[in-house]
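A.B. asks: based on what follows, work out the 3D shape:
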Amino acid sequence: MRNLDMELLRTYVAVVERESFAAAAQSVTRSQSAVTQQMQRLESHTGKRLFERSGRGKRLTSEGRQLLDYARRLLALNDEACMAIDGSSVTGEVRLGAPHDIADTILPNLLAHCSSLYPELRIAIHMGRSPHLVQALRQGDIDMTVAACEAPELRALTLRTSPIVWMCASNYRHDPARPLPLIVAAESSLFRRLAIEHLERAGVPWRITYTSPTVVGVRAAVRAGLGVTARSVEMLGNDLRVLGDDAALPRLPDVSFNLYLSSVGTKPLAQRLFDSLQHSSF
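C.D. replies: Model (predicted):
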């Protein structure tokens, strides 16, 4: 059984994340030629081609993509073990974004995991809507965020996949003879788009009765019995219920809540926390 070299794996991850050998060389404080030699040694050691030419640059082969996931996990475990043995603590602050939907469900579990991994770590929580949080992440205003929207250019970790349902107040009475009264976000959002698309496709009449720039406002309007909204089950509470099959509303797809890592001036601390969370179960 072969043993993978942690130093080679660290350089390998740097090459992938910095998207060039030159940028990786600066990250690991080596010359570009030394980084090239390290990648050649890693390919020789694994017996697989990890990179293939793509235009003027290089991209990962299928074996390279497979190794990348293991490399990140091995490095995170290695660093965590070294810190535990040395008795060193991780201090500093990570700015974490989270949508209001998950304040009572995913977020407490995530914070508990972060605290168990690094008890001395400070976390500044930024609450908001997923599109705004992802934009803040792209601008470097926060370090990581949980979001329900897609950002394929960012490193992501899926925390939970949940059903989207039609929900209303516990005392709401559905009238199929009238257009469905919709409560949605004031701006375009994943849930608003999915609700309208599926209603249109199913031929169900609808009208928007209430909008809010925040999930808190949407939830308040639903609780007031002003209409129906489409959200993930994370927003359900004792005062809300799911509209049953008797309402004849179209079935909605599941939604994934992903943890995204900023690619703008990524803090080593945020990078370390993100890699460590990949081994956690949510």
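
A.B. asks: where does pLDDT dip in the protein?
C.D. replies: Low-confidence segments of the chain, defined by pLDDT under 70, are located at 1, 83-90, 265-266, 279-282.

A.B. asks: what about R30, distance to M39?
C.D. replies: 11 Å (Cβ to Cβ, to the nearest Å). (C-beta placed from N, C-alpha, C; glycine too.)

A.B. asks: what do those two both touch?
C.D. replies: The overlap between the contact sets of R30 and M39 (Cβ atoms under 8 Å, 6 or more residues apart in numbering) consists of T11.

A.B. asks: all strands of the stretch 101-250 of the chain, in order?
C.D. replies: For the stretch 101-250 of the chain, the strands defined by DSSP state E, counting those that start in this stretch cover 121-128, 144-147, 155-169, 180-185, 206-212, 229-232, 240-242.

A.B. asks: where do the helices of the stretch 1-150 of the chain begin and end?
C.D. replies: Secondary structure of the stretch 1-150 of the chain (DSSP state H, counting those that start in this stretch): helices located at 6-18, 21-27, 32-46, 62-86, 106-117, 130-138.

A.B. asks: of all the ones you listed, which one is nearest N238?
C.D. replies: helix 106-117 (17.7 Å; Cβ to Cβ).

A.B. asks: buried residues in that closest one?
C.D. replies: Buried residues in helix 106-117, counted by 16 or more other Cβ atoms under 10 Å: I106, L107, L110, H113, C114, L117.

A.B. asks: need the residues you listed in JSON lines (columns: distance to P181).
C.D. replies: Output for these, formatted as JSON lines (distance: Cβ to Cβ, whole Å):
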{"residue": "I106", "distance to P181": "29"}
{"residue": "L107", "distance to P181": "30"}
{"residue": "L110", "distance to P181": "34"}
{"residue": "H113", "distance to P181": "39"}
{"residue": "C114", "distance to P181": "40"}
{"residue": "L117", "distance to P181": "45"}
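
A.B. asks: which one of these sits closest to W206?
C.D. replies: I106 (29.1 Å).

A.B. asks: one step back: to E7, which of the strands of the stretch 101-250 of the chain lies closest?
C.D. replies: Of all the strands of the stretch 101-250 of the chain, strand 155-169 sits nearest to E7, with 21.8 Å by Cβ to Cβ.

A.B. asks: neighbouring strands for the closest one, and are they parallel or not?
C.D. replies: strand 229-232 (antiparallel), strand 240-242 (antiparallel), strand 254-261 (antiparallel) (DSSP bridges).

A.B. asks: quick one, that strand and strand 180-185 angle?
C.D. replies: 140 degrees (axes from the mean of the first three to the mean of the last three Cα atoms, to 10 degrees).

A.B. asks: please identify the buried residues of strand 155-169?
C.D. replies: So, applying 16+ other Cβ under 10 Å, buried residues of strand 155-169: R155, A156, L157, L159, R160, S162, I164, V165, W166, M167, C168, A169.
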